[in-house]
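>>> Here is a sequence together with a model predicted from it:
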There are 2 protein chains.
Amino acid sequence: MQRTDFGKMTCSIARTWDVIGEPWSPLILRDVWVGFTRFDQLQADLGISRKVLTERLNHLVDQGVLERRPYDQRPRHEYVLTEKGTELVDLLMVMAGWGDRWLAGEAGPPVLYRHRACGEIAAVDLRCPHCGEPMHANDIDMLPGPGAAGRPLRDHRSGRPPWDHTERHT
Amino acid sequence: MQRTDFGKMTCSIARTWDVIGEPWSPLILRDVWVGFTRFDQLQADLGISRKVLTERLNHLVDQGVLERRPYDQRPRHEYVLTEKGTELVDLLMVMAGWGDRWLAGEAGPPVLYRHRACGEIAAVDLRCPHCGEPMHANDIDMLPGPGAAGRPLRDHRSGRPPWDHTERHT
DNA sequence: CCGTTGGGGTTCCTTCAAGGAACTTTGACG
DNA sequence: CGTCAAAGTTCCTTGAAGGAACCCCAACGG
């Protein structure tokens, strides 16, 4: 599918997309996390084509997100999350949180998350690691980082990018 | 592309994927957030095909993530994030955080995020809204929610799903 | 020692989406 | 009245997703 190579863009969203943005990839990671670690388990649970599953698993292994690990003398193996992959599960939790909030409808969320430390059922919240206050879309400013490539950034004071001098015919 | 309809699955990750999982969608949202709100701006910035951009924008509007808003008497309009869409930016921030950490390489992250409340540069952190402690992949248990459909869940004590009684030939 | 089974893939074919370029529409402006 | 610019359509080519069938390999079981 992806004829465009997002991995080469100077954007961490695009680069991350290059790793998990193909169809099925997040669901494969979800399943591996939940305990479906073998090819046939994944195939049966997801109903995905074997061909596509092979391609996705290879890609995820190449990207260092999954590890192929033998569990028998026979050529049998299971897929497990690497540290890199485990940190991707954070992303899945945020996706699940948004889906629970906006798409679950009458029936309510299919899965509840319980924080083991305090025992409470909760959706993850985004916080600033320094001050501990909420840190959402409108709580931040963006600045060029060391890996920047001259991409214009949002100016939160004017509400539009600094380079944008087109009139608004409001 | 997506021949499989993820939106019908009993999984908030799959449902969310159905909204933003097509190629380009996250980058479109990023651009709208950053201030590229018009068709030609998006097309020029992303280098996406006009046809595909039309399809994506329509889908995102249909899903209530973007709103098409006229800014002139002429048939001119711009796309803006709804509340639903603004909350999706949280997801983009987590994606960016992961990409910054694992894919930025030597050059470092292209963009830095500054928390306006405290002025610090930081990546978002996932916390439990109740106790305020970190809440990552391995800090939670999953339970069936009201919208569940009998899907087996992970048992964190055994490390694999409760229904899995196959031997491990380790 | 030969056939069977089961995990883990390939191969091949059809259908549909992505990419890209050219063309169209609409109202405003000089 | 001709032109311009925004915002799409149309059409064609290439390539990815879906699906079914097939293959390989190492135990077993008799």
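On my side now, so go ahead.
>>> Test my guess that residue A:103 contacts residue B:20.
No: the criterion here is CB atoms under 8 Å, and residue A:103 misses it with residue B:20 at 11.3 Å. Where C-beta positions appear, they are placed from N, C-alpha and C, glycine not excepted.
>>> With neighbour numbers in mind, choose between the two.
Set residue A:103 next to residue B:20 and count neighbours by other CB atoms under 10 Å in any protein chain shown: residue B:20 wins out with 23 against 17.
>>> Up against DNA strand D, what does chain A have?
A:1-3, A:22-24, A:47-52, A:55, A:73-75 (CB under 7 Å from any atom of the strand).
>>> Please report which of those residues has the highest neighbour count.
residue A:24 leads the residues of chain A next to DNA strand D on contacts (other CB under 10 Å) with 23 neighbours.
>>> Against residue B:100, how distant is that residue?
Using CB to CB, to the nearest Å, residue A:24 is found at 25 Å from residue B:100.
>>> Please apply the same query to residue A:31.
26 Å.
>>> what pLDDT, on average, does the helix or strand hosting residue A:84 get?
With secondary structure defined by DSSP states H and E, residue A:84 is part of helix A:83-102. Helix A:83-102 carries an average pLDDT of 97.
>>> Could you look up the next helix or strand downstream of that helix?
strand A:111-115.
>>> who does the next helix or strand after that following strand touch, helix- and strand-wise?
As assigned by DSSP H and E, the chain's next helix or strand after strand A:111-115 is strand A:125-127. Here strand A:125-127 touches helix B:83-102, strand B:125-127, going by 3 or more CB pairs under 8 Å, 6 or more residues apart in numbering or on different chains; DSSP states H and E.
>>> Return the distance of the first one from the chain's centre.
Relative to the mean C-alpha coordinate of its chain, helix B:83-102 is positioned 6 Å out (CA atoms, centre = their mean, to the nearest Å).
>>> Just the buried positions in it, please.
By neighbour count on 16 or more other CB atoms under 10 Å in any protein chain shown, the buried set for helix B:83-102 is B:84-100, B:102.
>>> same for the strand or helix carrying residue A:43, what does it pack against?
In this structure, residue A:43 sits in helix A:39-46 according to DSSP H and E. In this structure, helix A:39-46 packs against helix A:25-34, helix A:50-62, with contacts taken as 3+ CB pairs under 8 Å, 6+ apart.
>>> export the ones you listed to JSON lines and tack on mean pLDDT and distance to DNA strand C?
Compiled in JSON lines, those are given as follows (pLDDT from 0 to 100; distance: least, CB to the nearest atom of the strand, whole Å):
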{"stretch": "helix A:25-34", "mean pLDDT": "96", "distance to DNA strand C": "12"}
{"stretch": "helix A:50-62", "mean pLDDT": "96", "distance to DNA strand C": "4"}
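>>> show me what contacts the nearest residue to residue A:11 once chain neighbours are set aside?
Leaving aside its chain neighbours, residue A:11 sits nearest to residue B:110 (6.1 Å; criterion: CB to CB, 6 or more residues apart in numbering or on different chains). The neighbours of residue B:110, taking CB atoms under 8 Å, 6 or more residues apart in numbering or on different chains as the test, are A:10, A:11, A:12, A:144, A:145, A:147, A:148, A:149, A:151, B:104.
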